[in-house]
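Novice: Quick one: sequence plus predicted model below, questions after.
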Number of protein chains: 2
Amino acid sequence: MNLSIGEVAERAGLAPSALRFYEKEGLIHSDRSDGGQRRYHRDVLRLIAFIRAAQRVGLTLDDIREALRTLPERKVPTASDWARLSKSWRPLLDRRIEEMERLRDRLDSCIGCGCLSLKTCALSNPQDVAASQGPGARWLIVDDD
Amino acid sequence: MNLSIGEVAERAGLAPSALRFYEKEGLIHSDRSDGGQRRYHRDVLRLIAFIRAAQRVGLTLDDIREALRTLPERKVPTASDWARLSKSWRPLLDRRIEEMERLRDRLDSCIGCGCLSLKTCALSNPQDVAASQGPGARWLIVDDD
DNA sequence: GTAAGAGCTAAAGTTCACTTTAAGTCAAGG
DNA sequence: CCTTGACTTAAAGTGAACTTTAGCTCTTAC
């Protein structure tokens, strides 16, 4: 317990500046030594691991701060608190995986058929993906006319 | 053929400003009308679709520009050119999918066992992932001691 | 006790991928 | 011909997620 910022940075695999930044953003918390230096509870490592995982799932720090607000205010979160949090990311993660798999399959079918834009190609029948991320997410769909 | 910037933007689902930006970045090309306005060949739509797909796979515009440099200089790319390109993204895409699946499974096993940090938990035995993205990518691995 | 290295703050800087702005030009219908 | 809306440029602005800088202070090992 009572880790310095350097120790946390080292163990968590990010820079001390990132830890100060996360703190300023209200994502993590630290106590202070008599001299005013940050001192961390070991639990912060788990929290940081969660933050990084959430980022990989595609959440912004804003989203993450929001999610973390569901954790108990001033007490150390329990296993079930963490479990609830992980669970809430599951659908998002599933969507991302599905999205990637669809993209992979489309790329595959294109490599196979060599068309990439004909009406007969899988890529030209977007009914499933096109709307998922607004007008930008059209993958490999190009409608030749 | 000979689409205006507005038409391309509309069909590709992005803003005209993005098209000008891509052009400045050397990702796409346009001819000009007598009056100096951009005129696009329909093929640019496919190219844009590829660029967006590549971005979803996690490539930066720099990476993409690099990849596009393998396309024939001043002639319209053939289906097999595109196929080669898609193929080259496949491993990256596979890695991203694997990564996401691993994260999902880990979150699952955590929800199941409720530990999240004990040495007995799946999360504590990272031999596979930890090195994949440098020291930052430690997922949910926290080594309590 | 002291020197070196780790930590402190606030503010400015960085990169990525664009968007916005300002001041003007082009194209097409009536 | 004229108006309107789409287009042009260069340059500045944006937001996310940090990092760097400058000028200090703290902590620790000798």
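Specialist: Nice, thanks for sending it over.
Novice: Where does pLDDT dip in chain A?
Specialist: Scanning chain A with the threshold set as pLDDT under 70 gives A:1, A:73-75, A:109-145.
Novice: Near DNA strand C, which residues of it? Just list them.
Specialist: A:4-7, A:9, A:16, A:20, A:30, A:36-38 (CB under 7 Å from any atom of the strand). For every residue, glycine as well, the C-beta is placed using N, CA and C.
Novice: And these, which is closest to residue A:105?
Specialist: residue A:9 (40.5 Å; CB to CB).
Novice: How many neighbouring residues does the residue lying closest to the closest one once chain neighbours are set aside have?
Specialist: Closest residue in space to residue A:9, ignoring its immediate chain neighbours: residue A:16 at 4.6 Å, by CB to CB, 6 or more residues apart in numbering or on different chains. By the criterion of other CB atoms under 10 Å in any protein chain shown, residue A:16 has 15 neighbours.
Novice: so what's residue A:16 up against?
Specialist: Counting by CB atoms under 8 Å, 6 or more residues apart in numbering or on different chains, residue A:16 touches A:5-6, A:9.
Novice: Identify, from the residues you listed, the entry nearest to chain B.
Specialist: residue A:9 (9.8 Å; CB to the nearest CB).
Novice: could you point out the longest helix in chain A?
Specialist: Assignment by DSSP state H gives helix A:79-113 as the longest helix of chain A.
Novice: now it against helix B:79-113, angle please.
Specialist: 160 degrees (axes from the mean of the first three to the mean of the last three CA atoms, to 10 degrees).
Novice: Mind giving me the packing neighbours of helix A:79-113?
Specialist: Counting contacts by 3 or more CB pairs under 8 Å, 6 or more residues apart in numbering or on different chains; DSSP states H and E, helix A:79-113 packs against helix A:43-57, helix A:61-68, helix B:43-57, helix B:79-113.
Novice: Of all those, which one is nearest residue A:76?
Specialist: helix A:43-57 (5.6 Å).
Novice: Among the residues of chain A next to DNA strand C, name the ones in strands.
Specialist: Secondary structure defined by DSSP state E assigns residue A:38 of those to strands.
Novice: okay, which residue is most central for chain A?
Specialist: Against the mean C-alpha coordinate of chain A, by CA atoms, centre = their mean, the closest residue is residue A:55 at 2.5 Å.
Novice: Correct me if wrong: it contacts residue A:62.
Specialist: No - at 11.4 Å, residue A:55 does not count as touching residue A:62 under the criterion of CB atoms under 8 Å.
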